[in-house]
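Q: only geometry, no sequence info:
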């Protein structure tokens, strides 16, 4: 008898965690209509099987666990009444969308009525010894969501340039390298503010920082959300578009950067003349790398600077 009830409880618990649909079938098979269920969510107390089934319909099927270990014991309370209690150690299944997976101790106790007609569950108490838990949660999902949200925020901050909010150099290179490996197509823009040291020397670093931020905002306006935009350092910026474009579209964007930045001069008064230089390179070989793109765009930038700035140069060098 003890073994049978422990085995029923084990199957019920495994289905509940691993196969929610089957868990509901097991509940219907063994539970009494007047089942009392106390769950782990706040206010999760059900005084009938019908009430429990209504909530079960909304079970979060995206959540699944592996059972790492489990044990159950049975104790007879009276001629027909038995208590089975146990403990499971479970862990969320691997999920590429989450950095943190819940691993927890969960406890179960079930009261059975046993007679000639079979087994009936009268009462279930399921508990998780975690305080941080949201309403109607059968495990501390709130805790993991908060932790994963914080990790995403920290990742974002690690990747950001602190002044502009754009990607920093290291994050930019990592993203571009990943893009090139999955789809070797794209346009690389290297952009440099002309005579930026003179701006700092003449108007001060506070004004220089404002110019940097305004230029970053301009780039974000010109390029769509698919583009990777970075402040590589100082007054040097870069943009990578992981797509194919007509050369006329590319040069139009380059000219829009130059014109847009020049028009910002009026914001600072006529004495401050803003201009920038741009070098552009293409992915034109499946073996292309970030280093090659950077080098070719930098060569184009050098030619633009040599032309007294305020211009762009498309480097069509095939030797990459």
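A: Received it, and whenever you're ready, just let me know what you need. Everything numeric in this text was worked out from a predicted model, so none of it was measured.

Q: and the host helix or strand of residue 260, which residues are buried?
A: Assigning secondary structure by DSSP states H and E places residue 260 in helix 247-263. Neighbour-count burial for helix 247-263 flags 250, 253-254, 257-258, 260-261 (criterion: 16 or more other C-beta atoms under 10 Å). Glycine gets a C-beta too; all of them are placed from N, C-alpha and C.

Q: tabulate these in CSV, adding columns for distance to residue 10 and pLDDT.
A: Below are these laid out as CSV (distance: C-beta to C-beta, whole Å; pLDDT from 0 to 100):
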residue, distance to residue 10, pLDDT
250, 64, 93
253, 63, 95
254, 67, 95
257, 66, 96
258, 71, 95
260, 67, 94
261, 69, 94
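
Q: got the residues you listed as CSV, with distance to residue 46 columns?
A: Formatted as CSV, the buried residues of helix 247-263 follow (distance: C-beta to C-beta, whole Å):
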residue, distance to residue 46
250, 63
253, 61
254, 65
257, 62
258, 68
260, 62
261, 64
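
Q: closest to residue 33 among the residues you listed?
A: Looking at these and their distance to residue 33, the nearest is residue 253, at 69.1 Å (C-beta to C-beta).

Q: which residues does that closest one contact?
A: Residue 253 makes contacts with 189, 222-223, as judged by C-beta atoms under 8 Å, 6 or more residues apart in numbering.

Q: in helices only, show me these.
A: residue 222 (DSSP state H).

Q: compare the contacts of residue 253 and tell me which is most surrounded.
A: Using other C-beta atoms under 10 Å as the neighbour test, the contacts of residue 253 are led by residue 189, with 26 neighbours.

Q: now that residue: closest residue in space, sequence neighbours ignored.
A: residue 239 (4.2 Å; C-beta to C-beta, 6 or more residues apart in numbering).

Q: any idea how far that neighbour is from residue 188?
A: 8 Å (C-beta to C-beta, to the nearest Å).

Q: next: residue 245.
A: Distance from residue 245 to residue 188, by C-beta to C-beta: 12 Å.

Q: looking at those two, which has the bigger crowd around it?
A: residue 188 (25 against 15).

Q: contact partners for the spatially closest residue to that one that is not a sequence neighbour?
A: Nearest non-adjacent residue to residue 188, counting by C-beta to C-beta, 6+ apart: residue 293, 4.2 Å away. Going by C-beta under 8 Å, 6+ apart, residue 293 touches 176, 186, 188, 240, 281, 283, 320.

Q: hey, where'd the helices end up in the stretch 101-250 of the chain?
A: Taking DSSP state H, counting those that start in this stretch as the criterion, the stretch 101-250 of the chain contains helices spanning 141-159, 169-182, 196-203, 205-222, 247-263.
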